[in-house]
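> compute the structure for the input listed below.
(2 chains)
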Amino acid sequence: MNSVLVRQKFLDFFRDKAHEIVPSAPMVVKNDPTLMFTNAGMNQFKDIFLDNAPVKFARIANSQKCLRVSGKHNDLEEVGHDGYHHTMFEMLGNWSFGDYFKEDAIRWAWEFLTEVVKIDKNKIYVTIFEGDPAEALEQDREAYDFWKSRIAEDRILPGNKKDNFWEMGDSGPCGPCSEIHVDMRSDEERKKKDGRELVNKGDPRVIEIWNLVFIQYNRRASGELELLSKKHVDTGMGFERLCMALQNKTSNYDTDVFQPVIHEIASLTRIPYGNSEKTDIAMRVVADHLRAIAFAIADGQLPSNAKAGYVIRRILRRAVRYNYTFLQQNKPVIYKLLPALIASMGNAFPELALQRNLIERVIFEEEQSFLHTLESGDKRLKDGIELMKKSGQQELNGKIAFELYDTYGFPLDLTELILKENGFTVNKGEFDREMTEQRNRSKSAAQVESADWVMVRPGNEQTEFLGYEHLRAEVKINRYRSVTLKDKKLYHLVLNRTPFYAESGGQVGDVGYMDDGEEKISIVNTIKEHGLVIHVADKLPVDTSAVFEAVVTDGVREATARNHTATHLLHQALREVLGSHVEQKGSLVNPEYLRFDFSHFQKMTAEEIREVEVRVNRRIRNSISSNVLTEIPMEEARKMGAMALFGEKYGDHVRVVQFGDSVELCGGTHVDNTSRIGLFKVVSESSIAAGIRRIEAVTGDKADAWYRDLEDKLGAVEQLLNHPQDMVKAIGGLMEEKSSLQKQVDNFSRESARLFKERLKQQATVSGDITVISALAEEPVNDMAIIKDIAFQLKGEIDNLFLVIGTVVNDKPFLAVALSDKLVQEKKLHAGEIVKTAACEFEGGGGGQPFFANAGGKNPAKLNLAMEKALSMAGS
RNA sequence: GGGGAAUUAGCUCAGUUGGCUAGAGCGAUUGCAUGGCAUGCAAUAGGUCAGGGGUUCGACUCCCCUAUUCUCCA
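Residues are numbered from 1 along each chain as shown, chains lettered A, B, ... in the order given. Here you go, the predicted structure:
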């Protein structure tokens, strides 16, 4: 059964059981500080489990793109070495929100596996939670009984808390789970050893394919468990594993999910798959990572140097590293695999084909830059090896290996490999110590402690957002908690209603204050977390049950709104001027300025930027009123021509913001008429990644200020030039004049230097076999650069020269000594030493090379003494 | 969020206790050679040593701040 059909059958099956089929949420998580990527199917329903969002459908099923590369689930280093670990994978899941529970979940899982996709019942084992005395939890008897009626009791295995009790995090919803395992071994092997002994024992052929989680508890921050009133089902089945089982393969990579890409790698590298263990691992790594990166980029997460973007970059780099070391590819090649990936997954995920050009360019550029990193690390390591050869060391200092890794991004295993090729080893103990230290530093720096929510007005009513119309409102506190990070203590307040806009969609959160007549609490930021609008305050009100007046700082909000509306107009103008390939890739809107990142492949020309400005400003002057539609079904919004990003959440009713022909899905705050923006000015256009450009612009007062600043500068220049008729011409004339004067000055100083040099030559006295010259340099040759120049010239012209020149610049004495090479060698004289000793005379210091040195001091009156001192050292 | 590092010619990079007249390769320009090209030979131009402060007689080099980039940890 091919993979496309498997996915389809799963969704069809649950559709028949009255489940709503929803699309995969984006792999990149927005608005959840605790998570960078979707790492399980349940992520997009977290708000429902936490009871922060209403249930729209009680039964849901889908296939969710997941990425496990950071945090609790981190499989990155395992990928490729076996047949079943992945960074990105699809999770098939069915959910019940307060609807069906253990019985139906178990019945349908069994029915799907044994009747729809027809897995042999005799190869299936299930596990149930065995209980945990420490938590006072009993064995999950219910699950056991429901299984008992379907499967032989000796195939129902008890599992411990680690395997069979699922928790979302340190706190939150949790509950026992029941796993379904399939024994994929051959008949003979199965006869030899009972499969039940291999369940959860790491045997790659006896694998868990489905986990049914029964959410019935909530864990409090204190660690206590409380029973939930509404129970939920959360299941997850690894799509790739299921395909492997159904296609009777020994590895996920042998299924039709990966084989097209692996074939392509084999043909590009001219190494057949199956050639050797090492090259096979590398090909699996590349195939897996390509998928993860391509989907991440399609979901809008570009590789970068921090946070989520950096995680993506690291995945790509791991692929490049394997490609480089084991497949001998030292040129970018991974980007060439995209067509193969699109051929196998493009149907289920159209975003891949639509963004192909961008994805290829980004991957190409990243490959190139990392290959460069590897090259320079390689060079650095080879330098270290040369040193070891000279000193006869056998083992590379672990600190050096760590430095290579930590600072230059050079992987340890590559260091070890190269050392081994040269007959050396590395001290891994030292390396690990450095690594542990690094970890501890980070941990102590990133400590955030959130206390339990204190419910002031229980009932979890949704916060009503009033901010589109109002900047102040009477509000009450629903709940609050304290948050401690490092030495700072802040308070999170959730209100029944609020005029404050929470940071979202690139627009920063509102600031302002809350006042109950007794005290004024300032709100320093507003953020969104798990569907809650959180007002961040620096102190807790004395009376949390009071009625407050909540007030948003309005000048700031108005400035932000101007920038947000201007962002929409900019987006529209860019598409008109550059073409419809322009897509939003990131946006920041704050009171100061706006920043807009978009896909485009060349630097914008000055004319294009100007044209964009003209178009935006024209629309501002046309005074276009806003037309905001709320609660519009997604389909309708698309019909209106709304520019939307991929992967809105399921069943979403969206808000559409329209200014004339500019139609966007947007939850942000806007001005009611474009004329309120006043003025728009692009202040910079730059590149932030391959195929992505960034525009920064200002509006309103800030744009005024920009032009005023320019005016001031021009005014100042004009004044300096005595108000010429044509400023450009005047400056051009000045520049020309300057360069001709400069030439004259150069000639003069060259001439005075030449004269000075001639004078010095005439002053030369011969003492023994040494030609001594000593002189004071005065205007216009009292310049150390000129003196140096003359000294080097004389050194070339006179044999056995001993030259001492003194001068005074800005009331400070200077001394230069030049010796011909012969004197240095034969008489063991050293200008640096001479100058150092002589400089003591005028309270200074100096140094230099044996043949030329200079010194400076503080007391110009003693310059003569210093020169004499220097001369006295001529020896002879 | 924390640690480490980098920023030198158009590009890629050297510059080892603070003083080597800031260099190399590629590229650019010019001239010469060749019927033309690949190319070869020769010469020339090109630098606020990221920006700002400090220490010092003297800073590309040491210290502090800022910006940008890279990298590791979370």
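> how does chain A divide into domains?
Chain A breaks down by automatic domain parsing into domains covering A:3-250, A:449-552, A:558-708, A:756-872.
> tell me which element the one residue in the stretch 501-650 of chain A that gets nearest to RNA strand B is part of?
Closest approach between the stretch 501-650 of chain A and RNA strand B, counting by Cβ to the nearest atom of the strand: A:Arg595, at 11.0 Å. In this view, the C-beta of every residue, glycine as well, is placed from N, C-alpha and C. Per DSSP states H and E, A:Arg595 falls inside strand A:594-599.
> that strand: partners in the sheet, and parallel or antiparallel?
Applying DSSP bridges, strand A:594-599 is found paired with strand A:584-589 (antiparallel), strand A:692-699 (antiparallel).
> quick check: residues of the stretch 201-350 of chain A near RNA strand B?
A:304-307, A:310, A:313-314, A:317 (Cβ under 7 Å from any atom of the strand).
> ok, those residues vs RNA strand B, which is closest?
The closest of those to RNA strand B turns out to be A:Asn305 (Cβ to the nearest atom of the strand; 3.2 Å).
> that closest one belongs to a helix, doesn't it?
No - counting by DSSP: H, G, I helix; E, B strand; the rest coil, A:Asn305 is located in no helix; its state is coil.
> secondary structure class for A:Glu518?
Going by three-state DSSP: A:Glu518 is coil.
> hmm, which two among the residues of the stretch 201-350 of chain A next to RNA strand B are most spread apart?
A:Lys307 and A:Arg317 (15.8 Å; Cβ to Cβ).
> and the two? Which one has more around it.
More neighbours surround A:Arg317 than the other of A:Lys307 and A:Arg317, with 22 against 11 (other Cβ atoms under 10 Å).
> right, and the more buried one touches A:Phe370 too?
Yes - using Cβ atoms under 8 Å, A:Arg317 is in contact with A:Phe370, at 4.9 Å.
> shared neighbours of the two, which are they?
Common neighbours of A:Arg317 and A:Phe370, using Cβ atoms under 8 Å, 6 or more residues apart in numbering, are A:Gly409.
> walking through the stretch 151-300 of chain A, point out its strands one by one.
Under the criterion DSSP state E, counting those that start in this stretch, the stretch 151-300 of chain A contains strands at A:156-159, A:165-167, A:172-183, A:206-219, A:225-238.
> and the gap between A:Asp183 and A:Ile315?
Distance, A:Asp183 to A:Ile315, using Cβ to Cβ, to the nearest Å: 32 Å.
> quick one: end-to-end distance for stretch A:616-631.
With Cα to Cα, to the nearest Å applied, stretch A:616-631 spans 28 Å between its terminal residues.
> now do it: distance to the chain's middle.
Stretch A:616-631 has its C-alpha centroid displaced from the chain centroid by 34 Å (Cα atoms, centre = their mean, to the nearest Å).
> and it, which residues are buried?
Neighbour counts using 16 or more other Cβ atoms under 10 Å place A:616-617, A:619-620, A:624, A:626 of stretch A:616-631 among the buried residues.
> quick one on the thing from earlier: wait, isn't the residue of the stretch 501-650 of chain A closest to RNA strand B in contact with A:Gln584?
No - between A:Arg595 and A:Gln584 there is no contact under Cβ under 8 Å: 11.4 Å.
> which neighbours do these two have in common?
Counting by Cβ under 8 Å, 6+ apart, A:Arg595 and A:Gln584 have no shared contacts at all.
> list the buried ones in stretch A:227-243?
By 16+ other Cβ under 10 Å, the buried positions in stretch A:227-243 come out as A:228, A:231-243.
> redo those as a markdown table? Include pLDDT.
Output for the buried residues of stretch A:227-243, formatted as a markdown table (pLDDT from 0 to 100):
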| residue | pLDDT |
| --- | --- |
| A:Leu228 | 87 |
| A:Lys231 | 92 |
| A:His232 | 95 |
| A:Val233 | 96 |
| A:Asp234 | 95 |
| A:Thr235 | 96 |
| A:Gly236 | 95 |
| A:Met237 | 96 |
| A:Gly238 | 93 |
| A:Phe239 | 95 |
| A:Glu240 | 95 |
| A:Arg241 | 93 |
| A:Leu242 | 95 |
| A:Cys243 | 95 |
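> wait, which of the residues you listed is closest to A:Arg481?
Using Cβ to Cβ, A:Leu228 comes nearest to A:Arg481 of the buried residues of stretch A:227-243, at 20.1 Å.
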